[in-house]
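**Q** Next input, structure requested:
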Amino acid sequence: MEKGVPKKVEDFQTKEYWEKFFAKRGGATFEWYGNYESLKEIMKKEMLPTNKVLILGCGNSLMSENLYDAGYKSITSIDYSEKVIAEMQARVMGREGLKYEVADITTVKYPEAAFDIVFDKATLDGMCSSETPESLARVNAMWNNILTMLPNKGKYICVTLFQQHILSKVLSFFLHGNSNELFTNFAYILKIYEAAQSEPEAGGEGDMHIPFVFVIEKTSIPMEKEGASKIKAMLSSMIYYISEKGQNLTIPQAIESIKSRQIFGYVMHQSKKFEAGQRLKIECFDTESKLNVPRYILTIIDSKKEKILKNKTCGVFIAPLGRENDYLFATEEGNFYLQSDSKYSRLIIVTLNHLHKFDNIEQIKKELSPKVLPLLPMDCKNKDKVPFLKIGDDIGKRVTIYHDKGIIVEDVADFDGTVIRRLFFESKIEQIQSEINLVTAPKSDDPSVISTDCELFKTEEGKVVVINHKVLCSDYARAIVAGLSTISKTIMSKPQFKVIVLGTGAGVFSTFLRQNIGSSIVNTVDMDKTISDIGKKYFGFRPNEKLIPHCMEAEEYMNSVFGKKDPNPYDLIIIDLNNPDLSSGIVPAPNFYSKEFLQKIKENAGENEAMVAINMIWRSNEKERMQAIELFKSLFDLVFSIKLEKEINEVFFLIKKGPLSLPASSFGKLQLTTLIHTLQSHLKVDWTKNMNTTQHIDNMLFHTEKEKKEKTEESKKHKKKNKKILIFRQLISITQLIKRHQV
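**A** A predicted model of the protein is given here:
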């Protein structure tokens, strides 16, 4: 298509450009946005052979002739290029009912209701190639002219790329009536089809743009009749969207579907060639399923090394069930490490999504093969023998045990036998909200031993599946516990070590703190009672006099605490809250780390060594991060953080009046063993080795003025070292366990 593209998009709107365009082609026909074969199934659904058809901006396309040969015997084709119309008239001489006329659709006058169908293939896009007032006025004139030519139930069928400004114009004119001269007495039913891409020319890569076909059906509505306004309002708010199957969508849903389809077209085009450092994603949905979650996500990774790219080989790596959020499979950096270790020029990483059932590896390979082949470059050397790679003998096991109101709870058995129970929100499927380890243990009357049902275990006689609250699964929770090592034994051994957790979730972390810090009294706050109830049923959350839940807004609860003369104020305040504003890229919401809020927390916290721990996400907002650090330092005596290796979280610790046993002045010189020893002395069991707590403590970043430079350099050194060790271990384990299967 690019061969005919002008230097400026505005040229599409000029007659001179089109005269030159057709002159250069020397009579050779040209199809914009696909030919009759790629569009005929849609046209059969929307047109009858008896319809009178007007084709706009016909150029020298064969569409009119193809329709005529398919049985449509009343076709008028118009274009404002005299040259091309003369050529086409000569081509079809003697074919009765097939006419070509020189005309401008913005000004030509045909009788009212002269045509049943007005067909437009790329004329709209050419006319509206820019958003100038002049081009938009021409579009208004064209559409108002078309509507007078159509009878009641007549249709305007348009093939378009649906750039954002064109989609907005279609919605504004036909559904909202802006500049539509016939909007008062008519409503317009809008359908949108995903059109098929036409086959690329021999040796070509095809076009990155995927066309759409929208159909406007003009419908008379006598507004004096009862309910007419409601019908019109309904038609103006819904779109019938057809991909593999049709569905009624709201306007925002339809816009999102169009964007997804356009991204898919771009990815498919880009995938036709190897490109150093390229990373692309495709979502694959099950058309037979009612789920809104894609069945597979395919991530295409091309090597950054030209030497590897020259091999022109491809492989497919299937992530085990339950490991889709792991560093290697979920992050860009991890993806490239995995690709590099595989030695393939291109590695396609496949994740198997939640709620879908996967029986075995053979079923997956059978489903994936036709999806993978179109993603291989034209010059791939092992196209006929692309290996499927995986960890272990199979894909693992995953069972959904709860799914309602957008909440998912599932049990996952890893290939090493570990079983984890996880909670997700369907709207944030990439984030694990709560997780807990499940193990088998002897039956017990101990109330702290909480049994549960799990079909992934084959339990022996006398044993049950229990929820293991002695180990934390999430890295950010481990990091918070690692930070507790800076609180002295004197404080943590108080008769009442008071804790408040803002953000209960399923109660996993609150329960861990209560069970493992002997003298603790844990208050936990969350407004979502549904999640709390799920926690009680599936995650072993058991409130009591020392584990006290509050079902209310976190800010509302803290305001009720502020100003009270509590003889036993909070020693540890944990802020673990989401931000409802997903667009900000910052967690929690700014009001939970504002100067006013933190000042009140400081005033109402314990006098000695009170700690605030905030689980934060900054994404790319480094300026906001630095501003927050300066604020923390202005309010608290000691500020440090732990940046998680495999996640985007950073946990900040704000300490009031510095640790008694570990003075701030010597804090930067503390040995790791001292911290671990201090931490273990506070807790009931020695679980630190299993929880990688040593690694978290080793990654502490100090934000005190005196030690900032020294600790920054030291933390960089530790971070680099730990990162290399972490990645090396993961890659070695994958290399040792990898299995190859052929497509």
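
**Q** Every contact and neighbour count from this point should use C-alpha atoms.
**A** Fine.

**Q** wait, Leu175 sits on Phe186?
**A** No. The criterion here is C-alpha atoms under 8 Å, and Leu175 misses it with Phe186 at 10.5 Å.

**Q** and those two? which has more neighbours close in?
**A** Ranked by neighbour count (other C-alpha atoms under 10 Å), Leu175 and Phe186 place Leu175 first, with 25 against 19.

**Q** what's the nearest residue to that one if we skip its chain neighbours?
**A** Spatial nearest neighbour of Leu175, chain neighbours left out: Ser236 (4.6 Å); criterion: C-alpha to C-alpha, 6 or more residues apart in numbering.

**Q** List the residues that contact the one you found.
**A** Leu175, His176, Ala187, Tyr188, Ile189 (C-alpha atoms under 8 Å, 6 or more residues apart in numbering).

**Q** Let's have the residues you listed in a markdown table, adding pLDDT, secondary structure and distance to Gly585.
**A** Below are the contacts of Ser236 laid out as a markdown table (pLDDT from 0 to 100; DSSP: H, G, I helix; E, B strand; the rest coil; distance: C-alpha to C-alpha, whole Å):
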| residue | pLDDT | secondary structure | distance to Gly585 |
| --- | --- | --- | --- |
| Leu175 | 93 | helix | 34 |
| His176 | 93 | coil | 33 |
| Ala187 | 90 | strand | 41 |
| Tyr188 | 94 | strand | 39 |
| Ile189 | 94 | strand | 38 |
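
**Q** what separates His269 from Ala506, distance-wise?
**A** His269 sits 44 Å away from Ala506, going by C-alpha to C-alpha, to the nearest Å.

**Q** repeat for Ser634
**A** On the measure of C-alpha to C-alpha, Ser634 and Ala506 end up 34 Å apart.

**Q** Same question for Lys600.
**A** 27 Å.

**Q** Those two: which is more packed in?
**A** Legend: neighbour count by other C-alpha under 10 Å for Lys600 and Ala506, higher for Ala506 (29 against 15).

**Q** Give me the below-cutoff pLDDT ranges for the stretch 51-200 of the chain.
**A** 197-200 (pLDDT under 70).

**Q** Then the stretch 551-700 of the chain?
**A** 563, 582-583, 620, 645-646, 658-700.

**Q** Show me where it has its strands.
**A** 572-575, 611-617, 638-643, 649-655, 700-702 (DSSP state E, counting those that start in this stretch).

**Q** what helix or strand is the residue located most distally from the centre of the chain on?
**A** Relative to the centre of the chain, and counting by C-alpha atoms, centre = their mean, the farthest-placed residue is Gly94 at 56.4 Å. Using DSSP states H and E, Gly94 falls within no helix or strand.

**Q** next one: Arg421
**A** Per DSSP H and E, Arg421 falls inside strand 419-425.

**Q** Would you mind writing the CA trace of that strand as CSV?
**A** What follows is strand 419-425, C-alpha atoms only, in CSV (Å, rounded to 0.1, in the frame of the first residue of the first chain):
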residue,chain,number,x,y,z
VAL,A,419,1.2,-25.6,46.5
ILE,A,420,0.1,-22.0,46.7
ARG,A,421,-3.4,-20.5,47.1
ARG,A,422,-3.8,-17.1,45.4
LEU,A,423,-6.4,-14.3,45.2
PHE,A,424,-6.7,-12.1,42.1
PHE,A,425,-9.0,-9.4,40.9
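
**Q** Helices along the stretch 251-400 of the chain, start to end?
**A** Assigned by DSSP state H, counting those that start in this stretch, the helices in the stretch 251-400 of the chain fall at 251-270, 306-309, 327-330, 332-342, 361-372.

**Q** Now find how far off-centre the first one is within its chain.
**A** What it means is helix 251-270. 13 Å (C-alpha atoms, centre = their mean, to the nearest Å).

**Q** Counting by contacts, list what it packs against.
**A** Packing partners of helix 251-270 (3 or more C-alpha pairs under 8 Å, 6 or more residues apart in numbering; DSSP states H and E): strand 238-242, strand 279-284.

**Q** Go through that helix and flag the buried ones.
**A** Within helix 251-270, the residues scored as buried using 16 or more other C-alpha atoms under 10 Å are 251, 254-255, 257-258, 261-270.

**Q** One more: stretch 456-476?
**A** So for stretch 456-476, counting by 16+ other C-alpha under 10 Å, buried means 464-476.

**Q** ok, how many other residues are close to Ser289?
**A** Counted with other C-alpha under 10 Å, residues neighbouring Ser289 total 11.

**Q** gap between it and Thr250?
**A** Using C-alpha to C-alpha, Ser289 is found at 20 Å from Thr250.
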